[in-house]
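Peer 1: Quick check, what structure comes out for this input:
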Amino acid sequence: MNRSELLKFIEIGILAPSADNLQPWKFKITNNQIDLFLDSDRTKNFCDESLFAPYLSAGAVIENMRLAAGENGYLLSVSYFPDSNNSKLVASLWFTESELEKQSHFPAVRQRTTNRKFYSRKKIDIRIYSKFEHLIQTEKNFRLTWIQKNGSRYRDLCRILGEADQLRFENQRLHLEFMKTMRFTKHEREQTKDGLDFRTLESGPGSVFLFKLISSWNRLNFMNKFGMSKIFNFYTQLQLQTSQACGLIISEKHTPIDYVLGGEMMEKFWHEATLQNLSLQPMEALPIFLINLKETGCPEFDLSQKVKLRKLKDTFYSLFSVYESNGLIFLFRIGYADPPQARSLRRDVESFLVK
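Peer 2: Predicted coordinates for the structure are as follows:
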């Protein structure tokens, strides 16, 4: 196997999603083996605490590379966490020749994207929900739980997810990190090829002014006294009300390997949803808050914010029948929508390589 083939596999791998599109991966090529690392320089944000969110994204990379290998006549073998002393070395991947086998999900790899638009009223066929559940349950120790639109459970979910997004704009660290990921201009997007292309927020023509207005924490903190952060709560609830359902992929345990395997499952699910012409948006704020509450106690939050977060946790766990020992793999809203107006960029493959 030559180096150009391995680079093609990496190129497909990095089409995976990552928190705020920070692309926190590094790859080392040795013969026909690729070592997948987390990038220490890109795993410093709140969402990266204890590395669970980056492990999810690494799992999605592996799933993409598995599809690329199969499509090109190779079998991908994976050794997870091969060095117990290095938590950043997620997996060693190697490739052996195999029969060429068509991968049904491969066409979705380049099509998969986050869609933050308001969704249409078109309902999802109940058979599709069942198909997704079966897809997740084929992997041992994972389950998918739905909360469909219309009903008190869905209204409760909308409320707590709105409150979680409001909290995101009431915390200095979270606000500053979010603003650093924003790419407002074509020059910014093409210079970094990472972060959040502002257009992908689908928040309307006047929102550029709004986000630049709140780019200063002191200004936002002052405006919050008059209810600014509640606007984000309201907007999230509006998005959810246009969706047909929210789903949560849950792992039996909460360990690094569960999140890597969960990331593979997340990407597999997202590919299938793409092929079903469904639109999907991760609703990551609350799960990340709850993971960090478990792992670190969220020292960034003041006492009142922690009290609020614990209340959100109790409601969230009750709605989805989550236990303390479970892993929160992937929370999302789903429905039908027009294509997004923009897609996030990826950096050049060479920028991910280490010697």
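
Peer 1: okay, now the closest residue to Asn224 other than its chain neighbours: neighbour count?
Peer 2: Spatial nearest neighbour of Asn224, chain neighbours left out: Glu170 (6.0 Å); criterion: C-beta to C-beta, 6 or more residues apart in numbering. Placement of C-beta: from N, CA and C, glycine included. If you count neighbours by other C-beta atoms under 10 Å, Glu170 ends up with 20.

Peer 1: Repeat that for the one 4 residues further on.
Peer 2: When counting by other C-beta under 10 Å, one arrives at 20 neighbours for Leu174.

Peer 1: That one is in contact with Arg168, isn't it?
Peer 2: Yes: Leu174 is within contact range of Arg168, at 5.1 Å (criterion: C-beta atoms under 8 Å).

Peer 1: returning to what we had before: how close does the residue nearest to Asn224 get to Leu135?
Peer 2: 37 Å (C-beta to C-beta, to the nearest Å).

Peer 1: What of Glu272?
Peer 2: In terms of C-beta to C-beta, Glu272 sits 6 Å off from Leu135.

Peer 1: Kindly report the same for Leu319.
Peer 2: 22 Å.

Peer 1: Check Phe289 too.
Peer 2: In terms of C-beta to C-beta, Phe289 sits 27 Å off from Leu135.

Peer 1: Please apply the same query to Glu71.
Peer 2: In terms of C-beta to C-beta, Glu71 sits 19 Å off from Leu135.

Peer 1: I'd like the distance from the one helix or strand in the chain whose mean pLDDT sits lowest to the chain centre, please.
Peer 2: Counting by mean pLDDT, DSSP states H and E, the chain has its least confident helix or strand at helix 207-213, which shows a mean of 90. In terms of C-alpha atoms, centre = their mean, to the nearest Å, the centre of helix 207-213 is found 24 Å from the chain centre.

Peer 1: Going by contacts, tell me the helices and strands next to that helix.
Peer 2: If you count contacts as 3 or more C-beta pairs under 8 Å, 6 or more residues apart in numbering; DSSP states H and E, helix 207-213 packs onto no helix or strand.

Peer 1: Could you point out the helix or strand that follows that helix?
Peer 2: Counting by DSSP states H and E, the next helix or strand C-terminal to helix 207-213 is helix 217-224.

Peer 1: following that next one, which helix or strand shows up next?
Peer 2: Downstream of helix 217-224, the first helix or strand assigned by DSSP H and E is helix 228-242.

Peer 1: what angle do that next one and helix 217-224 make?
Peer 2: Orientation of helix 228-242 against helix 217-224 (axes from the mean of the first three to the mean of the last three C-alpha atoms, to 10 degrees) gives an angle of 70 degrees.

Peer 1: and the helix or strand following helix 228-242, which strands flank it?
Peer 2: Counting by DSSP H and E, the next helix or strand C-terminal to helix 228-242 is strand 245-251. Partner strands for strand 245-251, per DSSP bridges, with pairing direction: strand 142-148 (antiparallel), strand 327-335 (antiparallel).

Peer 1: is it possible to export the ones you listed to JSON lines including mean neighbour count?
Peer 2: As requested, the strands paired with strand 245-251 are exported to JSON lines (neighbours: other C-beta atoms under 10 Å):
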{"stretch": "strand 142-148", "mean neighbour count": "18"}
{"stretch": "strand 327-335", "mean neighbour count": "25"}
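
Peer 1: Need those strands in TSV (columns: mean pLDDT).
Peer 2: Below are the strands paired with strand 245-251 laid out as TSV (pLDDT from 0 to 100):
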stretch	mean pLDDT
strand 142-148	96
strand 327-335	98
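
Peer 1: I'd like those as JSON lines, with distance to Gln281 appended.
Peer 2: Formatted as JSON lines, these follow (distance: least, C-beta to C-beta, whole Å):
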{"stretch": "strand 142-148", "distance to Gln281": "15"}
{"stretch": "strand 327-335", "distance to Gln281": "5"}
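
Peer 1: sorry, back to before: more neighbours: which of Phe289 and Leu135?
Peer 2: Applying other C-beta under 10 Å to Phe289 and Leu135 shows that Phe289 carries more neighbours, namely 25 against 17.

Peer 1: where's that one relative to Pro24, distance?
Peer 2: Taken as C-beta to C-beta, the span from Phe289 to Pro24 is 19 Å.
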